[in-house]
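Undergrad: Pasting a predicted model and its sequence here:
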Amino acid sequence: MPSPRVSRIKPPALRPGDTVGIVAPASNVKRVELEAGCEGLRRAGYRPFYFDSILEQDLYFAGSAQRRARELEDMFAREDVRAIVCARGGYGSNYLLEALDWEKIKAHPKIFVGYSDLTTLLTYLYDRLGLVTFHGPMVAKDWAYQDRVDFSSWQSALAGNSAWEPALGAGSGATGLVDGAAEGILYGGCLSILVASLGTPYEIHTEGTILFLEDVAAKPYQIDRMLMQLKLAGKLTGVRGIVFGEMQDCIQTANQGYVLEEIVTRIVGELGVPVAYGVRSGHVTAGNITLPFGVRAGLEVRGGRVSLKILEAAVTAVPGQAQDSREKTS
């Protein structure tokens, strides 16, 4: 959570016809997937834009850390770019933490969207600057394919709806693990990336949050270990609710004899907070939900049913003007 000295910043809303800047802060990008994602954004009514350098490659990175940092700074600074959407995750966002000019970014607040390895930037942009960020579909991983973007939540989050909720009813995959109701600041991301922040100057701040946790292709014992690390580090103390993602391919074997829900309930089930499971945001099989990090949300779990309500607008509806939200977010 931002310190009391940091004002929360809501970026300007995204409108039809706006330019969307595409960046690759982590792993390298394939042109065919990038162009397919750009076409998906065009069909949705936006104008995609990227620098040619986005296709550079340095080992498994999208070019050097300096290139990736300058790309991101330049996208924030450009007046014609309304929102910034990451091309893909992979690995490498942590290299940018010491390379970015944070004051330059703060001077030009914009919508920033990503997931997976981009959790590093999503959480730290909020923790350091107070900038509301967005855990949602990426260009080469979601916009490039049919049915991979939940457009309703995308519009609600980025256009400025003051109160809304993703559809988590029958068929959504969402279910309740621990009953209860709570309000807090929505925050989180990819579990392995959140755990990697512990013990660094960029460590996550989870107190007072509705904590969203998701991952992909991690074995159940690895999920267990990471949750226990969060617990032992005190990062589950003061959390007001927990929402797990789809947890795609997080199995040991096809006939393992237990389900991941049992593993996570054993660790978080006695925290005294509501716990939901299966909300499709991040690594998903379909319908990637956009979740705004840094805004008030309400979580209610009753008898297996889940409601996750966003209780305030995540962006400012005033064109071209960012909004400092100085109310306490704890």
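TA: That came through fine.
Undergrad: Tell me what the residue positioned nearest the centre of the chain is bridged to.
TA: Nearest to the geometric centre of the chain sits H135, at 2.2 Å (C-alpha atoms, centre = their mean). Taking DSSP bridges as the rule, H135 bridges to G114, L291.
Undergrad: Let me see the contact set for it.
TA: Counting by C-beta atoms under 8 Å, 6 or more residues apart in numbering, H135 touches 113-115, 119, 122, 188-189, 212, 281-282, 290-293. Every C-beta, even on glycine, is put in place using the N, C-alpha and C of the backbone.
Undergrad: pretty sure S192 contacts D215?
TA: Yes: counting by C-beta atoms under 8 Å, S192 touches D215, with 5.7 Å between them.
Undergrad: Those two: who's more crowded?
TA: D215 (25 against 18; other C-beta atoms under 10 Å).
Undergrad: Ignoring the adjacent residues along the chain, who's closest to the more buried one?
TA: L191 (4.4 Å; C-beta to C-beta, 6 or more residues apart in numbering).
Undergrad: what ranges do the helices span in the stretch 201-330 of the chain?
TA: 220-232, 260-268 (DSSP state H, counting those that start in this stretch).
Undergrad: contacting residues for the residue nearest to D215?
TA: Per C-beta under 8 Å, 6+ apart, neighbours of L191: 213-215, 218, 223, 226-227.
Undergrad: go with 10 Å
TA: Each residue near L191 by C-beta atoms under 10 Å, 6 or more residues apart in numbering is listed here: 119, 212-216, 218, 222-223, 226-227, 229-230, 244-245, 247, 250, 282.
Undergrad: rewinding a little: so what's in contact with S192 and D215 at the same time?
TA: By C-beta under 10 Å, 6+ apart, the residues touching both S192 and D215 are 116, 222-223, 226.
Undergrad: that older thread, can you pick the most crowded of the contacts of H135?
TA: Busiest of the contacts of H135 [other C-beta under 10 Å] is G282, holding 33 neighbours.
Undergrad: so that residue sits right up against L291, yeah?
TA: Yes: counting by C-beta atoms under 10 Å, L291 is a contact partner of G282 at 8.7 Å.
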